[in-house]
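Visitor: I would like the atomic coordinates for the input below:
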Amino acid sequence: MKQANGSSRRAFLHRVAAAGIVGLSSRFPLPARASELRLGRPAPPATLVTLDNERISTSDLKGRVIMLTFWATWCGPCRQELPLLSAYARQHAADGLSVLGFTLDEAEDLKKVRAVQQTLSFPVGFVAASTLPGYGRIWRIPVNFAIDRHGRLVDDGWKDKEAVWTAERLERIIAPVLARAS
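Guide: Residues are numbered from 1 along each chain as shown. Sure, this is the predicted structure:
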């Protein structure tokens, strides 16, 4: 892309950086990228906007163990995983577990999404309506992330060899985090 004076966009951006304008990022940091996720480090913030337009932020859930699950009505492995997650969330809600479900479905699929939501024990919303800086572009599903009571990432779904939660995996990863006192 050429600018009015004929220089390339890249050259223009280099001039802007040299002028110190890009230095504003130290005052206004850019959101983290998914490649910057680190186990044991603070998890990026996430805000689910539910189908009923309620906003639930991970920052509002401090002191709880949080699971972020990304799914779609058209995803077979997701549909197999959701009942397990729902039962686990219901079983461990009193222990401090919160699950937030982000669907990749489109708004025109609201009827299908609501039908699935009615079978779940946790809130659901569209990825497109929610805020998820730092988790990257959700390009494969299911993908899940887990956050401990102190807001630290304890499971990075991008690095999981088997993305689907199983009862064994929940017991191995989530149960010990739930067992730790806040």
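Visitor: Spell out the residue ranges of the strands in this structure.
Guide: Secondary structure of the chain, counting by DSSP state E: strands at 47-49, 55-57, 65-71, 97-103, 124-126, 143-147, 153-156.
Visitor: okay, those in TSV with mean pLDDT, mean neighbour count and distance to R41 next?
Guide: In short, each C-beta sits where N, CA and C put it, glycine included. Formatted as TSV, the entries for those read as follows, by pLDDT from 0 to 100; neighbours: other Cβ atoms under 10 Å; distance: least, Cβ to Cβ, whole Å:
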stretch	mean pLDDT	mean neighbour count	distance to R41
strand 47-49	94	20	19
strand 55-57	96	15	19
strand 65-71	94	25	15
strand 97-103	96	24	20
strand 124-126	95	22	25
strand 143-147	90	24	11
strand 153-156	85	19	6
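Visitor: Across the sheet, point out what pairs with the residue nearest the centre of the chain.
Guide: Central residue of the chain (Cα atoms, centre = their mean): L68, 5.0 Å from the mean position. Partner residues in beta bridges with L68, using DSSP bridges, are L100, F145.
Visitor: which one of the strands of the chain lies closest to V164?
Guide: The minimum distance between V164 and the strands of the chain falls on strand 143-147, with 8.6 Å, by Cβ to Cβ.
Visitor: Run through the protein and note the low-pLDDT ranges.
Guide: The model of the chain has pLDDT under 70 over residues 1-37, 39-40, 136-137, 139, 158-159, 182.
Visitor: Would you map out the domains in it?
Guide: The chain is divided into the following domains under automatic domain parsing: 1-30, 31-179.
Visitor: Please state the offset of the biggest helix by length in the chain from the chain centre?
Guide: Across the chain, the longest stretch assigned as helix under DSSP state H is helix 76-92. For helix 76-92, the distance from its own C-alpha centre to the chain's C-alpha centre is 16 Å (Cα atoms, centre = their mean, to the nearest Å).
Visitor: Can you point out the buried residues in it?
Guide: Along helix 76-92, the positions that meet the burial threshold by neighbour count (16 or more other Cβ atoms under 10 Å) are 78, 81-82, 85-86, 88-89, 92.
Visitor: Which members of those residues are the farthest-apart pair?
Guide: Maximum pairwise distance among these (Cβ to Cβ): 20.3 Å, between C78 and H92.
Visitor: Redo the strands of the chain as CSV? Include distance to A181.
Guide: As requested, the strands of the chain are exported to CSV (distance: least, Cβ to Cβ, whole Å):
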stretch, distance to A181
strand 47-49, 26
strand 55-57, 23
strand 65-71, 12
strand 97-103, 14
strand 124-126, 30
strand 143-147, 16
strand 153-156, 15
